[in-house]
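S.K.: when you get a sec, could you give me coordinates for this:
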Amino acid sequence: MKKALLLLPLLLAACSPTRVISTDAQAGVDFTTYKTYNFLDVTARSEATLPGPGGVTYQLKEAVAAQLQRRGYRQAAQPDMWVNIGVVVQDRVQTRQTDIRDAPRYIGQRNYHWQSQEVVVNQYEEGTATVELVDAARNERVWSGAVASTITRNSDKLEKRIEQAMESLFARYPVPPKQ
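M.R.: From the prediction side, this is the model:
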């Protein structure tokens, strides 16, 4: 029973529609010295192709702001830390490979040839969001993280997925949420 309880978080994480690709913190930086943040201007080239009220960039900003505020930061016109957000959307193809069990049953043909093939099962879009935190005084990146997820056309699901992705990403941020 104990083993099953220990494996449950791993199984739930494996089923998650989002995954943290990477995080990187600059060595020697005390993240508790930062008190304020603001977003760098973002120009989205293909914002219209993504669903959701206000666009995906707006939803990402809201989710990042919520995570930073949970850690005690507040938004300011002249911040200690700039937030830079990047989004890349790629078309993906899910395939499966045929094996000998998929081969047709032919008997008596002399020139019969069978070979394994990739069969397209699904086509979807995958989005990757990067969040970079830049020290405003030194103009140096002090923390960055990237998270990827499949993109859904359902705007409610997309908003929840963005919130979940930012929560997973900021779980690796050096400053924990305040109680």
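
S.K.: what are the ranges of the helices in this structure?
M.R.: Assigned by DSSP state H, the chain shows helices spanning 2-14, 55-70, 155-170.

S.K.: what's the closest of these to E140?
M.R.: E140 sits nearest to helix 55-70 of all these, at 18.2 Å, using C-beta to C-beta. Every residue, glycine included, has its C-beta placed from N, CA and C.

S.K.: so where's the protein uncertain?
M.R.: In the prediction, the chain carries residues with pLDDT under 70 at positions 1-16, 42-54, 98-116.

S.K.: redo the helices of the chain as TSV? Include mean neighbour count.
M.R.: Shown next, in TSV, are the helices of the chain (neighbours: other C-beta atoms under 10 Å):
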stretch	mean neighbour count
helix 2-14	9
helix 55-70	18
helix 155-170	18
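
S.K.: format these as a markdown table; extra columns: distance to G28.
M.R.: Below are these laid out as a markdown table (distance: least, C-beta to C-beta, whole Å):
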| stretch | distance to G28 |
| --- | --- |
| helix 2-14 | 31 |
| helix 55-70 | 21 |
| helix 155-170 | 21 |
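
S.K.: quick one: which of the ones you listed is nearest N84?
M.R.: Nearest to N84, of all these, is helix 55-70, at 10.2 Å by C-beta to C-beta.

S.K.: distance from the chain centre to the closest one, please.
M.R.: Centre-to-centre, helix 55-70 and its host chain are 13 Å apart (C-alpha atoms, centre = their mean, to the nearest Å).

S.K.: tell me where the protein has strands.
M.R.: 18-25, 36-39, 74-75, 81-97, 118-135, 140-150 (DSSP state E).

S.K.: got JSON lines for those strands, with distance to Q164 too?
M.R.: As requested, the strands of the chain are exported to JSON lines (distance: least, C-beta to C-beta, whole Å):
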{"stretch": "strand 18-25", "distance to Q164": "6"}
{"stretch": "strand 36-39", "distance to Q164": "21"}
{"stretch": "strand 74-75", "distance to Q164": "22"}
{"stretch": "strand 81-97", "distance to Q164": "16"}
{"stretch": "strand 118-135", "distance to Q164": "12"}
{"stretch": "strand 140-150", "distance to Q164": "8"}
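
S.K.: out of those, flag the one nearest A171.
M.R.: strand 18-25 (8.1 Å).

S.K.: buried ones in that closest one?
M.R.: 18, 20, 23, 25 (16 or more other C-beta atoms under 10 Å).

S.K.: can I get that strand as CSV, trimmed to CA atoms?
M.R.: Extracted in CSV, the C-alpha atoms of strand 18-25 (Å, rounded to 0.1, in the frame of the first residue of the first chain):
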residue,chain,number,x,y,z
THR,A,18,2.3,20.2,-19.3
ARG,A,19,6.0,19.5,-18.7
VAL,A,20,8.8,21.7,-17.4
ILE,A,21,11.6,21.6,-19.9
SER,A,22,14.2,23.5,-18.0
THR,A,23,15.0,26.1,-15.4
ASP,A,24,18.2,28.0,-14.8
ALA,A,25,19.2,30.3,-12.0
